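Undergrad: Model the structure of this input:
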Amino acid sequence: MFAANLGVNYLLNLIIVDDVMWIWYYDRQGIIQCSGINFIQDLPRFMVLLYALQRFDLHDWGRNKDFLPVQVEGKLCHEFKIRDEDLGMVDLLLHTSDDERVTHYGLQGRATNVVAVTSKMLTKKYSNFQDGMVAKIFWGEASHTSEPDILNKVREIAEVHDTVKDHIPELLWHHRFTNPRSAIREALGVPEPTTGSRVLYILVFRKLLPITKL
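TA: Sure, this is the predicted structure:
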């Protein structure tokens, strides 16, 4: 379910053993399990839970509302638009049905997805690349130095050392979302809620080809 939905924030699941049910919450920081609910002895609490779940929309179930599914030439893609302070409105069309998409499977970690992307704004700014562009979408640790900051440092090194020039990824645009996974842990009173907290990044690069194709 994590791999099937681009940029999914979290997932909810119900584990039932006999007449006891547990709510399990999954995100890229880890798993949270609630206390067991006996849905026979505590029927009112169970009915309130069903009443709430019945009214969930896709965003409440953890789907990322910033990535909107669209059909392009009969294939499923995802549209992403956001206002950038420098560029204005940035539009991305993520070709999530592309055969070259790289998808991560697992419950924790960065969960890196790499998909082909087209953008009217970025094409206008940088001109059209012959091999296109890709978007790297991942959950980085909030406490770590961000990848764009690291690439900026590498560029500074490249200006001094000629051997580094023309050998670094060309970052065209990036965005950091403002919804760290520690927020729910702080609300629930989980010990050390910010340890391993992750936040969603999207980075757009010029597409590189495998060395075997060059």
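Undergrad: going forward, measure contacts between C-alpha atoms and count neighbours the same way
TA: Noted.
Undergrad: chain center to stretch 16-29: distance?
TA: Chain-centre distance of stretch 16-29: 23 Å, with C-alpha atoms, centre = their mean, to the nearest Å.
Undergrad: can you offset everything so residue one is 2?
TA: Yep, numbering from 2; the last one is stretch 17-30 now.
Undergrad: got the CA positions of it in PDB?
TA: Extracted in PDB, the C-alpha atoms of stretch 17-30 (Å, rounded to 0.1, in the frame of the first residue of the first chain):
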ATOM      1  CA  ILE A  17      -8.300  -8.500  15.100                       C
ATOM      2  CA  VAL A  18      -7.700 -11.500  17.300                       C
ATOM      3  CA  ASP A  19     -10.900 -13.200  18.600                       C
ATOM      4  CA  ASP A  20     -13.000 -10.300  20.000                       C
ATOM      5  CA  VAL A  21     -10.100  -7.800  20.500                       C
ATOM      6  CA  MET A  22      -9.100  -5.300  17.900                       C
ATOM      7  CA  TRP A  23      -6.000  -3.100  17.700                       C
ATOM      8  CA  ILE A  24      -5.500   0.000  15.500                       C
ATOM      9  CA  TRP A  25      -2.100   0.000  13.900                       C
ATOM     10  CA  TYR A  26      -0.700   3.200  12.400                       C
ATOM     11  CA  TYR A  27       2.200   3.100  10.000                       C
ATOM     12  CA  ASP A  28       4.400   5.900   8.700                       C
ATOM     13  CA  ARG A  29       8.000   6.200   7.600                       C
ATOM     14  CA  GLN A  30       9.100   7.000  11.100                       C
END
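Undergrad: Now it: average pLDDT?
TA: For stretch 17-30, mean pLDDT rounds to 94.
Undergrad: ok, and for it, which residues are buried?
TA: M22, W23, I24, Y26, Y27, D28, R29, Q30 (16 or more other C-alpha atoms under 10 Å).
Undergrad: hang on, the second one packs against L13?
TA: Pointing back at W23 there. No - using C-alpha atoms under 8 Å, W23 is not in contact with L13, being 10.5 Å away.
Undergrad: For the residue in the chain sticking out farthest from the centre, give its distance to M22.
TA: The outermost residue of the chain relative to its centre, with distances by C-alpha atoms, centre = their mean, is Q42 at 39.6 Å. Distance of Q42 to M22, computed by C-alpha to C-alpha, to the nearest Å: 12 Å.
Undergrad: Same question for E74.
TA: 44 Å.
Undergrad: hey, where'd the strands end up in this structure?
TA: Along the chain, the segments classed as strands by DSSP state E run 12-18, 21-28, 31-34, 38-39, 69-73, 76-85, 89-96, 114-119, 134-142, 172-177, 199-207.
Undergrad: what sits up against the second one?
TA: Under the criterion C-alpha atoms under 8 Å, 6 or more residues apart in numbering, residues 10-17, 32-40, 108-109, 182 lie in contact with strand 21-28.
Undergrad: Counting neighbours, what do you get for the spatially closest residue to K137 that is not a sequence neighbour?
TA: Once flanking residues are discounted, K137 sits nearest to V115: 4.6 Å by C-alpha to C-alpha, 6 or more residues apart in numbering. Neighbours of V115 under the rule other C-alpha atoms under 10 Å: 21.
Undergrad: What score does V115 have for pLDDT?
TA: Listed pLDDT for V115 reads 92.
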